[in-house]
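Engineer: Quick one, what's the 3D model for this:
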Amino acid sequence: MTEVIEHKFIEESFETDEQKEKFHSYLRSLISNQQVKVTFVKKDGSLRELRGTTNFEHIPKEHHPEEGKERKANPVLSCTIFDLDANGWRMFNFDTITKVELANFK
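Structural biologist: Coordinates of the predicted model:
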C-alpha cells in the first residue's frame with residue numbers, strides 16, 4: 001500500500017519553523033526505513049521524481065559513504081538521498097517538494 005503526502009497538505013500544515021523542522025525530521029525517518037518517491041521542482045522549474053532511500057541495506061556497498069567523507073548538506077533546508085533508479089546520491093530542498101509517496105521495499 002502506498003501513502004501519498006500532497007504538496008497542499010505540506011504547505012497548509014505548517015505555521016511555524018518548528019513544525020516544518022518536525023516534518024523534515026519525520027520525512028528523514030521515513031526515508032531511512034523505507035523507499036519513497038519524492039516529486040520536487042528542480043532549479044530549472046521542471047518536475048523531478050526520485051525513488052530513493054538512505055537505508056544502507058538497500059544501497060549497494062560501493063555507494064556507502066566513507067567515514068569522514070560524507071557530504072554535508074544544510075539539514076534544515078535539504079535532504080540527501082540515494083536515488084535507486086539512477087544508482088547515485090542526490091539532494092533536494094524541502095521547500096521544493098510537491099509530493100511524497102511512501103512504499104515498502106520490494
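
Engineer: shouldn't Cys79 be in contact with Met91?
Structural biologist: Yes. Judged on C-beta atoms under 8 Å, Cys79 makes contact with Met91 at a distance of 6.8 Å. (C-beta placed from N, C-alpha, C; glycine too.)

Engineer: For this protein, which residues score under the pLDDT cut-off?
Structural biologist: 1-13, 68-76, 104-106 (pLDDT under 70).

Engineer: what about the longest helix in it?
Structural biologist: helix 17-33 (DSSP state H).

Engineer: picking that back up, between Cys79 and Met91, tell me which one has more neighbours.
Structural biologist: Using other C-beta atoms under 10 Å as the criterion, Cys79 and Met91 rank with Cys79 on top: 21 against 14.

Engineer: give the contact list for that one.
Structural biologist: 24, 27-28, 31, 73, 91-92, 94 (C-beta atoms under 8 Å, 6 or more residues apart in numbering).

Engineer: I'd guess it is in a strand, am I close?
Structural biologist: Yes. Cys79: assigned to a strand according to DSSP: H, G, I helix; E, B strand; the rest coil.

Engineer: Quick check: the gap between it and Glu66.
Structural biologist: From Cys79 over to Glu66 the distance is 20 Å, taken as C-beta to C-beta, to the nearest Å.

Engineer: Over to Thr96?
Structural biologist: Thr96 is 28 Å from Glu66, by C-beta to C-beta.

Engineer: neighbour-wise, which of these two wins?
Structural biologist: Thr96 (17 against 6).
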